[in-house]
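how does the following fold in three dimensions:
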Amino acid sequence: MAKQTPSAVPPLTVPAALSQAYAHWNAGQAPEAEQLCLRVLAVAPDQPDARHLLGLMAHAYGLPDMAIEHLRIACQSPLAPAGFYSNLAEICRQQGALAEAESAARRAVALAPEAAQGWNNLGIILQESGQLADSLECLRRVAALLPDSPEAHNNLGNTCKRLGDNAQALLHYDRALVLNPNYAQALSNLSVALSDDGQYDAALTAVRRAIDIDPLMQEAHQNLRQIELARSGEARPGGTQGGVAAPQAQAQVQAQAQAQARIQAQALRLEGKVDDARALLETVVHATPGDAGARFDLAEVALLQGDFDTGWREYRFRYRMPHTTMLGRHVQKPRWDGQAIPGKTLLIHDEQGYGDTFQFLRLLAWARERSGACVVLEVNAHCHALAERGGGFDQIIRAGTLPPAFDFHCELMSLPLALGLRLSDLPVSTAYLRADPPRVAHWRKRLAALPRPWVGLVWAGRPSHPNDARRSLALAELAPLAQAGIPFISLQQGAAAEQADTPPAGMAMVSLSREIRDFDDTAALITLLDVLVSVDSAPAHLAGALGCPVWVMLPFAPDWRWLRDRADTPWYPSMRLFRQPEPHAWGPVLDDVATALRGLPA
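Numbering: from 1, shown residues only. Here you go, the predicted structure:
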């Protein structure tokens, strides 16, 4: 029988590419979705579905002008469905282009009069343009179509409020909150209506609850100040849903003052004055609660102090800053917040650096137990094999691979908030990662002729890390570690690995950097070492996760996870910390490590 050659992979059709693109977007995999859309446009310029999805992605990532342009082109197709026009209407409304928004919304309801989304968008647009009677009619249609929608009742309440019917507005806000007690926007709107009704205590309770749910909601903070003034008699009741804005000049002065305070807090932290830095940041957060950057800075300081309750709560704003917005993952499913969800599927996906992944994989089994869900782990390809051996999930996929259908999602570093992780819970689990046995056997044979002790060395982390200038060293600076009888084994990766070719005088060095292919090789080597000596880096986390001896050299102002004033870490019982006694003082650290090395058995 003749040998058959494998058939060629069929080309990806436009419908198949679009189907995959939408699936990737629903899973929060924007890069994969975008590339598929661009491939479609390369063969079918201005294909409406591809343009529509690109518009949704641009909007989600804070690019409204680009989003509107994509959606305008999508709506030029004679086959454009009502949903395209509804989305164009909503984004135009958010940008203040009410005339274009109204035109698009009216086209949407003409195409699909039975669809609630179009009527809802039109109702809100008419509300904002002052056409209140027509707005009320639209939103009543929405409530009839979706009687159990909290959003429908909240929007109806807003129009009733603008019409001066405070009593009816209260009824709609109350109904919205019966349907969703954690609806922050409805709570904020309710607070204004209650205040206008003279129910100040109830108004304060509502608006404070809204702030607890969404601390970044500027409108709620403005309403809180207005209600407090009204209650004290310093201002008349009748605060608007948007609050009262400060004059522009005053706002600019305040913003400059808050920015300066954040810079000062950072300086205090670098000087080791962590308590003073926290006090200053708490002042900033109190004055400008919507400042996500200040809240993130507060998160890192609180975590450094071991205050996990505050730290994890504030850490959730890490993707709400201007320079991190594009890094966030927009998954079209709700985020898991720690509740039991038996019978559901929970997608947990990694984020940030490799060290973060190694550190927080320990929480997978706990999340699966707490949720009762089928847990799907999505992890980057570099950590996939190690994570697969670690377990704690029902299915594992590589980043960018389409996951199975899921009901909830959670970032790996949002698990501490969902699980209520506290310092006393650590380490949760130990030696939760395992090296690959064949790799271990390979490296044991490779090192067989090398005398003991085997000391691994990593002197530099990822150069793009914000604190890399303080945490990383040049190999030449490690000259004080050199001593007779200790052969150092370089596990260093990246550009700094070349320094192993010219080690400091007296330092015996075996460089394995070029032979290390991936983290599986690094893990196998670490399990064979007597100790790994490293700066704050991914291999250090990997060693801790493997339960292997590792000594970490830390700058005076370390990353939040290393806490303060201790030579151990509750995250990794096998780890020992060597800290700078003052900024930039690596000398004492190296002397202490050299002394410890002399105590290793031959």
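
got any ranges where the chain has weak pLDDT?
1-10, 234-251 (pLDDT under 70).

CA-only coordinates of the longest helix seen in the chain in CSV, if you can.
Taking DSSP state H as the criterion, the chain has its longest helix at helix 248-270. Extracted in CSV, the C-alpha atoms of helix 248-270 (Å, rounded to 0.1, in the frame of the first residue of the first chain):
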residue,chain,number,x,y,z
GLN,A,248,-11.7,73.5,36.8
ALA,A,249,-8.8,75.5,38.3
GLN,A,250,-9.5,74.1,41.7
ALA,A,251,-9.6,70.6,40.4
GLN,A,252,-6.2,71.1,38.6
VAL,A,253,-4.6,72.4,41.8
GLN,A,254,-6.0,69.4,43.7
ALA,A,255,-4.8,66.9,41.1
GLN,A,256,-1.3,68.4,41.2
ALA,A,257,-1.3,68.2,45.0
GLN,A,258,-2.4,64.6,45.0
ALA,A,259,0.2,63.7,42.3
GLN,A,260,2.9,65.3,44.4
ALA,A,261,1.7,63.4,47.5
ARG,A,262,2.0,60.1,45.7
ILE,A,263,5.6,61.0,44.6
GLN,A,264,6.4,61.8,48.2
ALA,A,265,4.8,58.6,49.4
GLN,A,266,7.0,56.6,47.0
ALA,A,267,10.1,58.4,48.3
LEU,A,268,9.2,57.6,51.8
ARG,A,269,8.7,53.9,50.9
LEU,A,270,12.2,53.8,49.3
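
with adjacent residues omitted, what lies nearest to M509?
Of all residues not flanking M509 in the chain, P503 sits nearest, at 3.9 Å (C-beta to C-beta, 6 or more residues apart in numbering). The way it works is simple: take the backbone N, C-alpha and C, and place the C-beta from them, glycine included.

so what's the one you found up against?
Contacts for P503 (C-beta atoms under 8 Å, 6 or more residues apart in numbering) come out as L475, A482, F488, M509.

and the furthest pair within those?
L475 and A482 (10.7 Å; C-beta to C-beta).

who touches both of these two?
If you check L475 and A482 against C-beta under 8 Å, 6+ apart, the residues they both contact are P503, P504.

list the buried ones in the helix or strand hosting H24?
Assigned by DSSP states H and E, H24 belongs to helix 14-26. By neighbour count on 16 or more other C-beta atoms under 10 Å, the buried set for helix 14-26 is A17, L18, Q20, A21, Y22, A23, H24, W25, N26.

and which of those residues is nearest to W562?
So of these, ranked by how close each gets to W562 (C-beta to C-beta), first place is H24, at 36.6 Å.

the buried residues of helix 14-26: which two are farthest apart?
A17 and N26, at 15.1 Å, using C-beta to C-beta across the buried residues of helix 14-26.

returning to that earlier point: could the contacts of P503 be laid out in CSV, adding neighbour count and distance to W454?
Output for these, formatted as CSV (neighbours: other C-beta atoms under 10 Å; distance: C-beta to C-beta, whole Å):
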residue, neighbour count, distance to W454
L475, 24, 18
A482, 17, 16
F488, 24, 9
M509, 17, 12
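
how about the strands in the stretch 451-600 of the chain?
455-458, 487-490, 508-511, 531-535, 550-554, 575-579 (DSSP state E, counting those that start in this stretch).

I'd like to know which of those strands is closest to C160.
strand 550-554 (58.5 Å).

hang on, the earlier thing: so how far is the helix or strand following the helix holding H24 from its chain's centroid?
Going down the chain from helix 14-26, the next helix or strand is helix 30-43, by DSSP H and E. How far helix 30-43 lies from its chain's middle: 24 Å, per C-alpha atoms, centre = their mean, to the nearest Å.

and helix 30-43 with helix 14-26, angle?
160 degrees (axes from the mean of the first three to the mean of the last three C-alpha atoms, to 10 degrees).

which positions within helix 30-43 qualify as buried?
In helix 30-43, the ones that count as buried by 16+ other C-beta under 10 Å are A30, E32, A33, E34, L36, C37, V40.

same deal with stretch 262-281?
So, applying 16+ other C-beta under 10 Å, buried residues of stretch 262-281: R262, A265, Q266, L268, R269, L270, G272, V274, A277, R278, L280, L281.

stretch 276-296 too?
For stretch 276-296, by 16+ other C-beta under 10 Å, it's 277-278, 280-282, 284-285, 288-296.

farthest pair within those residues?
A277 and G290 (20.4 Å).

distance check, L36 against M57.
11 Å (C-beta to C-beta, to the nearest Å).

next: L529.
45 Å.

over to A496?
From A496 to M57 the distance is 36 Å (C-beta to C-beta).

helices or strands up against the helix holding H24?
helix 30-43, helix 48-60 (3 or more C-beta pairs under 8 Å, 6 or more residues apart in numbering; DSSP states H and E).

name the nearest of the buried residues of stretch 276-296 relative to E114.
Among the buried residues of stretch 276-296, and counting by C-beta to C-beta, the member closest to E114 is G290, at 38.4 Å.

so V375 belongs to a strand, correct?
Yes. Assigned with DSSP: H, G, I helix; E, B strand; the rest coil, V375 falls within a strand.

quick one: it and G392 touch, right?
Yes. Between V375 and G392 there is a contact under C-beta atoms under 8 Å: 7.3 Å.

now do the shared contacts for those two.
Joint contacts of V375 and G392 (C-beta under 8 Å, 6+ apart) are L364, A367, R368.

let me see the contact set for the last one.
Right, the one you point to is R368. L346, V375, G392, F393, D394.

just the buried residues out of those residues, in ChimeraX syntax.
Selection of buried members from the contacts of R368 for ChimeraX, criterion 16+ other C-beta under 10 Å:
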select :346,375,392,393
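
could I get the contacts of R368 as JSON lines with distance to A545 and secondary structure?
Compiled in JSON lines, these are given as follows (distance: C-beta to C-beta, whole Å; DSSP: H, G, I helix; E, B strand; the rest coil):
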{"residue": "L346", "distance to A545": "22", "secondary structure": "strand"}
{"residue": "V375", "distance to A545": "19", "secondary structure": "strand"}
{"residue": "G392", "distance to A545": "12", "secondary structure": "coil"}
{"residue": "F393", "distance to A545": "16", "secondary structure": "coil"}
{"residue": "D394", "distance to A545": "21", "secondary structure": "coil"}
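
quick check: end-to-end length of stretch 54-68?
10 Å (C-alpha to C-alpha, to the nearest Å).

would you mark the buried spots in that stretch?
For stretch 54-68, by 16+ other C-beta under 10 Å, it's L54, G55, L56, M57, A58, H59, A60, Y61, L63, P64, A67, I68.

isn't Q117 right up against Y85?
No. Contact criterion C-beta under 8 Å: Q117 and Y85 do not qualify, at 9.9 Å.

overlap in contacts of these two?
Joint contacts of Q117 and Y85 (C-beta under 8 Å, 6+ apart) are A108.

re the thing from before, just give me the closest of the shared contacts of V375 and G392 to A133.
A367 (50.3 Å).

helices of the stretch 101-250 of the chain, start to end?
Under the criterion DSSP state H, counting those that start in this stretch, the stretch 101-250 of the chain contains helices at 116-128, 132-145, 150-162, 166-179, 184-196, 200-213, 218-232, 248-270.

the fifth one - contacts with which helices or strands?
Okay, so that is helix 184-196. helix 150-162, helix 166-179, helix 200-213, helix 218-232.

for S513, what are phi and psi?
Here is the backbone geometry of S513 (degrees, to the nearest 10): phi -50, psi -40.

so what's it closest to, chain neighbours aside?
That would be A497: by C-beta to C-beta, 6+ apart, it lies 3.8 Å from S513.

can I assume that neighbour is in contact with R514?
Yes. Here A497 reaches R514: they are 7.4 Å apart, a contact under C-beta under 8 Å.

more neighbours: which of these two?
Applying other C-beta atoms under 10 Å to A497 and R514 shows that A497 carries more neighbours, namely 20 against 12.
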